[in-house]
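J.: return atomic coordinates for the entry below.
(2 chains)
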Amino acid sequence: MRITVFGCELSGLVTAGSLAHTGNEVIAIPVGMAKAEDLRQGILPRDEPGLNQLIISQVKEGRLTFSHDWSEGIQHGEIYILSMPSWRADKAELVVESIGQSASRDVLIVNQSTFPIGTADRFEAAVKLAFSQRGLVAKVAVASMPEFISEGSAISDFSKPSRVVLGCESEEAIAMIRDLMRPFNHVTDQVKIMSTRAAEYTKYAVNALLATRISLVNELANNAEHFNIDIEEVRQGLGSDSRIGFSYLFPGCGFGGPSFAADVQSLVGTFQSKGYDADLLKAVLQNNETQKEVMFRKAWRFFKNDLKGLKIAIWGLSFKPNTATVDNAPSVKTIEALVAQGAEVIAYDPKANDAFKEYWGHKAGVTLVSEMYEALEQADALMILTEWRRFWSPDYARMFELMKRPVIFDGRNIYEHDVLVHHGFRHFGVGRGEVV
Amino acid sequence: MGVETSSAWQALQLHSDSGMGSVHLSKLFQDASRQENYSLELSDVYVDFSKNRITQETLQLLIDLAEQQKLPKEIHRLMTGEHVNDTEDRAALHTALRALGKDVSGYAEVVQPEVEQVLQEMAVLTEKIRSGHWRGYSGKPITDVVNIGVGGSDLGPLMITHSLQTISSPINLHFISSIDGTQTSNLLRGLKQETTLFILASKSFTTIDTLSNAETAMDWLKECIKDEHIMFSQHFIGVSTKPDKMTEWGIPPDNQLLFWDWVGGRYSLWSSIGFPIALKIGMDGFRELLQGAHEMDQHFATADLQKNIPVILALIDIWNINFLNIHDKAILPYDARLRYLPAYLEQLVMESNGKSVARSGEAVPYKTCPVLWGEVGPNAQHAFYQLLHQGTQAVMCDFIAPVERDDFDADSHTERDESLRHQHELALANCFAQSRVLMLGDDAIPQALKASFDSPFKHYSGNQPSNTILIRTISAKTLGMLIAMYEHKTFVESVVWEINPFDQWGVELGKLIAKETYSAIKDKPLADSFDSSTKGLIDRVAK
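T.: A predicted model of the protein is given here:
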């Protein structure tokens, strides 16, 4: 099929590359800062495992091209895919307008972006209106097929989806999209058909539910320690209940990222703007903001409310492992809090040092190092804020040797308390370890 | 022999006796240009004093009185830091607090560096708290700040922060003042120890009202905080002229904001007592407040007496009180944001000038400070305006209103903003209507309706004097100007009456006797020597 993808952020690139890989002829059109000539050479805005190779190979085989020419894209596509960040709804609006003005045959738009509920209906009406003004008789359908990819596993999330949520009112369009998704859906039928609004709502609802789950587990963990309960034991008990399961059950120092919390916030805004309740979700978001500083608070109490002049080592700046993004990451709030109290921060992240440097600018108080043990020299404490694999089994003896005080604040519960104590460390986790 | 025997005073008395004492305002307003000649303007403040029973001759005689009382010299003495508070032998340099280093001389100039120093210390604490980097004992940011203070340590910050309520603030502010524990216990029920910070504001740091509330706050904090050092360093800030007393109470030096004995309590919102204001609107906003007041100070210090707003307003009050025998004054703001302004001015005016002994030590034979009270005008219309319109005693009124609201965009036409705009116009219409009816009485009744008012119970005699003070918007700057205007007006009156407006000996005895009475409540026999009424009352409450 001939496909045009509007938007070359992570989701757009994965979609374009994966669809080209299964034989489609794809034109991908960046609508943000990215440049077609860079993308063509595999210079990507995101450092996603496997993505670079996928793009380069598909460009080489001629099934994937990048262009800034919207009208070329509109002429080309049998299906238009909108794949933009939620804050780019204005661009999507323009794309839809252009399609209405210049498309000359049946139109099928598939929206993957997280835009407010009712967007698909609005887009469909806009194209239909433009067609009728032009006197053009053609079929128009706008479907909602929200993306559920995660940074770090984006390609396999797209190509081996646990389900595809498809909101669409037209049988003909459903058949076309089913056919497009067939290579990724051939073991068992994973496509869930629903109304476009239900599909849009589902995307928000998934994030809302996951966010709620994390915040609830965090609250349980924070309080467990006051009763001398190890939350890890509780987690095992909870997760083994088949009604609950293990995923998204790890307590820690809060969730971040560019879109997760923002999407929940946007849902809260949608509810409230209509005068409806969003008390629980508001509490979930508030709870998470507070949780981002949980390790700061432990250090604050451990050091008797005086962090002035202390050297605090940080391992992990990105909002989760395998990404270079620090947007809304717990590290940002934690480091701001530490520096405001006069502490000196020495931080290491395998990928996100540059992103953090860009965020932090020229303000004083933070030194970024390119080797994990280097951060520990003469440190008064170490904080783990992202659970990168390389932090899980470090050289404890070397750490003990380097640090001025053997104190570890484990914001991701990656260490065993007894093991750290055995190596001479004081250990504070989230709902585990020593209580302060 | 006081001012009442002076030639200028006698001339005013004669002026009143020979007709002006009984002239009706509606007659004076036959002059169509009256408003032009009886109003003054200074940047964002416009004062219409035309609805007073005065002529140009009255004004001239009043100016003569002011000159006779050497007002310009007294203003100079006040603002250069001479000891105008003679009974306590100290200066009253509130103007130096808001000079921001400019236009000052004498001792007012000498103190500028320390004033600036404290402003900078305030800025550091303000920024730390507003940015969320002031942490409670558990490490959470402070979200609620409770100001514990009474009198000047309460009313000023309360009035200003309430007036600026449309400015959003990262901090929830609360005020506790009353010595009974009700305010405190009600408030603390809704707060959390880990996110609450207390400001103890007391000039002397011995005020029993404040310290007893502070003890209650401390007991509440101790429910959660075991380490006293942490409790004091993270949950208390002290504002006082007495660093030793603050330290003794437990407040660490880094958490102390100072002011000076030459700042009177009721003139102290410009000092570190204004710290809650800075927390509410930020330090830039606080400096705008000071700047507004400074602008009024400069006007007061340099404008001719004839064009000097505080001077003219004070002299008109003198005329009303001493020559027209009007002894009540109502403060009537037409915007609920100014709700605490009457209470604030009650203290400023009545604690300053509610005195009957001249600086000479002799009793004064003339009236001084009027009884002053007030309420948000539109509410008071449904309460005591009946008395203003048809009571047996005359009352002079100050109507105060903002010309516009600036808490929404001028181009915004949302439903909420439209209804705010509409209600604002309604409030102004009421304000202007009331002062007009108070002035004209029956003459305000439209011809077509005269018949329906033909009843002795529907008669309005009018002739009630009033000022209308319009400020452009309610902002830090205009509030600074407005409050400084009232301060200086109060001072000018004291100069004419020859009294010291900066002491308050009248409140001392009651404090002393309260201590004795408290002992008697705890130990009943101590009341045996008291009068039978007090004894009887103690009997009913002593356990």
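
J.: how about the helices in the stretch 201-350 of chain B?
T.: B:208-222, B:228-235, B:243-249, B:275-302, B:309-318, B:341-345 (DSSP state H, counting those that start in this stretch).

J.: out of those, the one nearest B:Thr414 is which?
T.: helix B:275-302 (24.3 Å; C-beta to C-beta). Any C-beta I mention is one placed from the backbone N, CA and C, and that applies to glycine too.

J.: tell me the mean pLDDT for the closest one?
T.: Average pLDDT, helix B:275-302: 98.

J.: same thing with stretch A:73-93?
T.: On average, stretch A:73-93 scores 93.

J.: what residues of that stretch count as buried?
T.: By 16 or more other C-beta atoms under 10 Å in any protein chain shown, the buried positions in stretch A:73-93 come out as A:73-74, A:76-86, A:88, A:91-92.

J.: over to that stretch now: how far is its first residue from its last?
T.: Terminal residues of stretch A:73-93 are spaced 16 Å apart (C-alpha to C-alpha, to the nearest Å).

J.: report the central residue of chain A.
T.: Nearest to the mean C-alpha position of chain A, counting by C-alpha atoms, centre = their mean, stands A:Gly257 at 5.0 Å.

J.: tell me which element it is part of?
T.: Using DSSP states H and E, A:Gly257 sits within no helix or strand.

J.: residues making contact with stretch A:111-124?
T.: Contacts to stretch A:111-124, defined as C-beta atoms under 8 Å, 6 or more residues apart in numbering or on different chains, come from residues A:7, A:11-12, A:15, A:81-86, A:88-89, A:92, A:96, A:109, A:140-147, A:167, A:196-197, A:199-201, A:203-204, A:259, A:263, A:266, A:270.

J.: among those, name the ones in strands.
T.: Taking DSSP state E as the definition of strands, those contribute A:Ile81, A:Leu82, A:Ile109, A:Val140, A:Ala141, A:Val142, A:Ala143, A:Ser144, A:Gly167.

J.: spell out which residues of chain B are next to chain A.
T.: Proximity of chain B to chain A, by C-beta under 8 Å from any C-beta of the partner chain, involves residues B:Lys128, B:Ser131, B:His133, B:Arg135, B:Tyr137, B:Ser138, B:Gly139, B:Lys140, B:Asp227, B:Ile230, B:Ser233, B:Gln234.

J.: residues near the residue in chain A that chain B sits nearest to, how many?
T.: Residue nearest to chain B within chain A (C-beta to the nearest C-beta): A:Arg297, separated by 3.0 Å. For A:Arg297, the count of nearby residues is 23 (other C-beta atoms under 10 Å in any protein chain shown).

J.: for chain A, what is the nearest residue in the stretch 351-500 of chain B?
T.: Closest to chain A within the stretch 351-500 of chain B is B:Thr414: 12.7 Å, counting by C-beta to the nearest C-beta.

J.: report the contact partners of that residue.
T.: Counted by C-beta under 8 Å, 6+ apart, B:Thr414 has contacts B:Phe408.

J.: just the buried members of the residues of chain B next to chain A?
T.: Using 16+ other C-beta under 10 Å as the burial test, these include B:Lys128, B:Arg135, B:Tyr137, B:Ser138, B:Gly139, B:Lys140, B:Ile230, B:Ser233, B:Gln234 as buried.

J.: backbone phi and psi for the second one, please?
T.: Pointing back at B:Arg135 there. The phi and psi values for B:Arg135, taken as degrees, to the nearest 10, are phi -110, psi 140.

J.: okay, it and A:Ala375: tell me how far apart.
T.: Separation of B:Arg135 from A:Ala375 (C-beta to C-beta, to the nearest Å) stands at 24 Å.

J.: so what strands line up beside whatever helix or strand B:Asn467 lives in?
T.: Using DSSP H and E, B:Asn467 sits within strand B:466-471. Within its sheet, strand B:466-471 is paired with strand B:45-48 (antiparallel), strand B:396-402 (parallel), according to DSSP bridges.

J.: could I get the residues of chain B next to chain A as CSV with pLDDT?
T.: As requested, those are exported to CSV (pLDDT from 0 to 100):
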residue, pLDDT
B:Lys128, 97
B:Ser131, 96
B:His133, 96
B:Arg135, 97
B:Tyr137, 97
B:Ser138, 96
B:Gly139, 97
B:Lys140, 97
B:Asp227, 95
B:Ile230, 97
B:Ser233, 97
B:Gln234, 97
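
J.: closest to A:Leu368 out of the residues you listed?
T.: B:His133 (21.8 Å).

J.: helix, strand or coil for the residue lying closest to A:Glu97 once chain neighbours are set aside?
T.: In space, and not counting its chain neighbours, A:Glu97 is closest to A:Ala126: 6.8 Å by C-beta to C-beta, 6 or more residues apart in numbering or on different chains. Per DSSP: H, G, I helix; E, B strand; the rest coil, the secondary structure class of A:Ala126 is helix.

J.: do B:Arg421 as well
T.: Of the three states, B:Arg421 takes helix according to three-state DSSP.

J.: burial check on it, number of neighbours?
T.: Counted with other C-beta under 10 Å, the neighbours of B:Arg421 add up to 16.

J.: show me the contacts for it.
T.: Going by C-beta under 8 Å, 6+ apart, B:Arg421 touches B:Arg405.

J.: and chain B, what are its domains?
T.: B:3-68+B:303-497, B:106-279, B:507-541 (automatic domain parsing).

J.: for the stretch 151-300 of chain A, which residues are neighbours of chain B?
T.: Within the stretch 151-300 of chain A, the positions lying close to chain B (C-beta under 8 Å from any C-beta) are A:Thr290, A:Glu293, A:Phe296, A:Arg297, A:Lys298, A:Ala299, A:Trp300.

J.: helices of the stretch 401-543 of chain B, start to end?
T.: So, for the stretch 401-543 of chain B - with DSSP H, counting those that start in this stretch - the helices run B:415-440, B:476-497, B:508-522, B:532-541.

J.: in JSON lines: these, plus mean pLDDT.
T.: Compiled in JSON lines, those are given as follows (pLDDT from 0 to 100):
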{"stretch": "helix B:415-440", "mean pLDDT": "94"}
{"stretch": "helix B:476-497", "mean pLDDT": "98"}
{"stretch": "helix B:508-522", "mean pLDDT": "93"}
{"stretch": "helix B:532-541", "mean pLDDT": "95"}
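
J.: quick one, which of the ones you listed gets closest to B:Asn325.
T.: B:Asn325 sits nearest to helix B:476-497 of all those, at 15.5 Å, using C-beta to C-beta.

J.: centre of the chain to the closest one, how far?
T.: Per C-alpha atoms, centre = their mean, to the nearest Å, the displacement of helix B:476-497 from the mean C-alpha position of its chain is 9 Å.

J.: list the helices and strands it packs on?
T.: Applying 3 or more C-beta pairs under 8 Å, 6 or more residues apart in numbering or on different chains; DSSP states H and E, we find helix B:476-497 packed against strand B:45-48, helix B:56-68, helix B:71-79, helix B:152-163, helix B:275-302, helix B:309-318, helix B:352-353, strand B:466-471.

J.: ok, 6 Å please
T.: Counting contacts by 3 or more C-beta pairs under 6 Å, 6 or more residues apart in numbering or on different chains; DSSP states H and E, helix B:476-497 packs against helix B:275-302, helix B:309-318, helix B:352-353.

J.: of all of chain B, which residue lies closest to chain A?
T.: B:Gly139 (3.0 Å).

J.: which strand or helix spans that residue?
T.: Short version, using DSSP H and E: B:Gly139 is in no helix or strand.
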